[in-house]
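1. need a structure here:
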Amino acid sequence: MTTSKPDVSIVIGAYEAMPYLIRCLESVEAQTLPAGRMEIIAVDDGSTDGTGEYLEEFAARTAVPMRVVRQENSGGPSGPRNVGLGLARGRYVFFLDADDYFGEEALERMVSMGDRAGTDVVLGKVVGVNRGAAKSMWKETVERADLYSSNIKFTLSAQKLFRRELLVRLGMTFDEGLKTGEDALFTMEAYLRGSGVSVVADYTCYYLVGRDDGKHVTKSGSYLLRFDSARALMGLIAAHVPPGPRRDALMVRPFVITLLPQFGPALLRQSEAVREKKMQLAAPLLDAYWSAGLARRLKVHERLRLACVSKGRLDLLLDVLQFMRDKEEPRAVRKGARGRLYLAYPHFGEGAVLPDAAYEVTVTERIGGRRIDVPERQSTAAFLRRLARKVRRTARAVLHVPWRAHKV
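-> Numbers count the residues shown, from 1 in each chain. Below is the predicted model:
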């Protein structure tokens, strides 16, 4: 292995990765970034399908400097990634999953972006192969994305280019106590504590592969793991961002992506014991982090379900979920002097149960294929001016009586 410092250390944690590992490694070897500017650190996490043997065979013939570590199974992706990170020497580190593969220019483009922008994290465009992948953050290439207003907070997987100096300085590692969501915690910390995030959106850097055998960590495991993940991510955000609009913007991620799926229509099929346990686990999270500002950033069905959870009203939640499962469409209702728009999900208008605010349209919605936009909001001053004009018009209409009408 060369003694000069490479640009990128590619860390691959591999477990039962055949045959996907073949294309994964070929995509590293095919990079337009020269072989001498990369290194591969591959950790076989106790595989029995020939993964370890293939890694060693590939290392013996590739021009890319490569180190292979073989260890007993650790039970999750965090251990192998931490081992690889500890051995990395590159200016940057990229965590490549053994199922996935790079676009040929991926590393060259991402390294160039990180060097040019001076940022600590670089996101390369991801597309799914035989599975879905997030899309909203790939609209444009930006040297410095704003964490609070952009959608980068919705891509927290580990498949990013991280400046190693940041990780070393902060002593960052993957939490081996978390069995899901450990990458979200790691990436969000880098977003929050690093010197900026860049986005490469004009080239597909990473292909996220859906395995034919369906073996994806995020699809397996007890629901308890999801609550562990939500709790950790919410706590991290709260530790670094004080209460207010910026915290609310980031809290959308763990509330909607991690917590809310536990309170979807599938809850109707689950036992009473599981339902009650989920309500118990969610209660302290809602007590600590749920806010009016966060609520207004959500769609009505999202806000409404979490409002039911926050009030401990499983009965109301089940009514809403039954409505959703039956694919019923809520009526759009305008109400009040300011013409606010509401979606009439179950219990709308029963103020003693849930306030009307829980049903208000505050972000763009789609109901039955129809787009429902937020009504243009008026400032208090504009509302008062409009009200005053209406009063004056009414007064003039009353006072403007023909002279002859006064004659007796």
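2. so where do the strands sit in this structure?
-> Under the criterion DSSP state E, the chain contains strands at 8-14, 38-45, 66-71, 92-95, 101-102, 121-129, 161-163, 197-209, 331-335, 340-344, 365-367, 370-372.
3. I'd like to know which elements the fifth one is packed against.
-> I take that to be strand 101-102. If contacts are counted by 3 or more CB pairs under 8 Å, 6 or more residues apart in numbering; DSSP states H and E, strand 101-102 sits against helix 20-29, strand 197-209. Quick note: C-beta positions are derived from backbone N, CA and C, even for glycine.
4. now these as JSON lines including mean neighbour count?
-> Formatted as JSON lines, the helices and strands packed on strand 101-102 follow (neighbours: other CB atoms under 10 Å):
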{"stretch": "helix 20-29", "mean neighbour count": "20"}
{"stretch": "strand 197-209", "mean neighbour count": "20"}
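5. can you put those in a markdown table and add mean pLDDT?
-> Below are these laid out as a markdown table (pLDDT from 0 to 100):
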| stretch | mean pLDDT |
| --- | --- |
| helix 20-29 | 98 |
| strand 197-209 | 98 |
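6. out of the ones you listed, nearest to C308?
-> For the helices and strands packed on strand 101-102, the distance to C308 is smallest for strand 197-209, at 33.6 Å, taking CB to CB.
7. Taking strand 121-129 as reference, get the angle to the closest one.
-> Inter-element angle recorded for strand 197-209 and strand 121-129: 30 degrees (by axes from the mean of the first three to the mean of the last three CA atoms, to 10 degrees).
8. Check the burial of P284 by counting its neighbours.
-> Per other CB atoms under 10 Å, the neighbour tally for P284 reads 10.
9. what's the answer for L285, then?
-> Residues near L285, counting by other CB under 10 Å, number 22.
10. can the helices and strands packed on strand 101-102 go into TSV with extra columns for distance to F95?
-> Below are the helices and strands packed on strand 101-102 laid out as TSV (distance: least, CB to CB, whole Å):
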stretch	distance to F95
helix 20-29	12
strand 197-209	11
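11. For E105, which of the ones you listed is the nearest?
-> Closest to E105 of the helices and strands packed on strand 101-102, according to CB to CB: strand 197-209, at 6.0 Å.
12. Show me what that closest one is packed up against.
-> strand 101-102, helix 106-117, strand 121-129.
13. Stretch 266-282 - what's its average pLDDT?
-> Stretch 266-282 shows an average pLDDT of 97 in the prediction.
14. Kindly report the same for stretch 291-308.
-> For stretch 291-308, mean pLDDT rounds to 97.
15. which residues touch it?
-> With contact meaning CB atoms under 8 Å, 6 or more residues apart in numbering, stretch 291-308 is reached by 243-245, 248-249, 251-252, 255-256, 259-260, 263-264, 286, 290, 314, 316-317, 320-321, 324, 330, 342-343, 345, 354, 357-363, 365.
16. Show me those residues that map onto helices.
-> Cross-referencing these against helices under DSSP state H gives 245, 248-249, 251-252, 286, 314, 316-317, 320-321, 324.
17. Just the buried ones among those residues, please.
-> Buried subset of those (neighbour count, 16 or more other CB atoms under 10 Å): 248-249, 251, 286, 314, 316-317, 320-321, 324.
18. I'd like those written out as CSV, with distance to Q280 added.
-> Below are those laid out as CSV (distance: CB to CB, whole Å):
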residue, distance to Q280
D248, 25
A249, 28
M251, 20
L286, 11
L314, 11
L316, 17
L317, 14
V320, 19
L321, 18
M324, 23
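19. ok, these vs K278, which is closest?
-> Distances from K278 to those, taken by CB to CB, are shortest for L314, at 9.0 Å.
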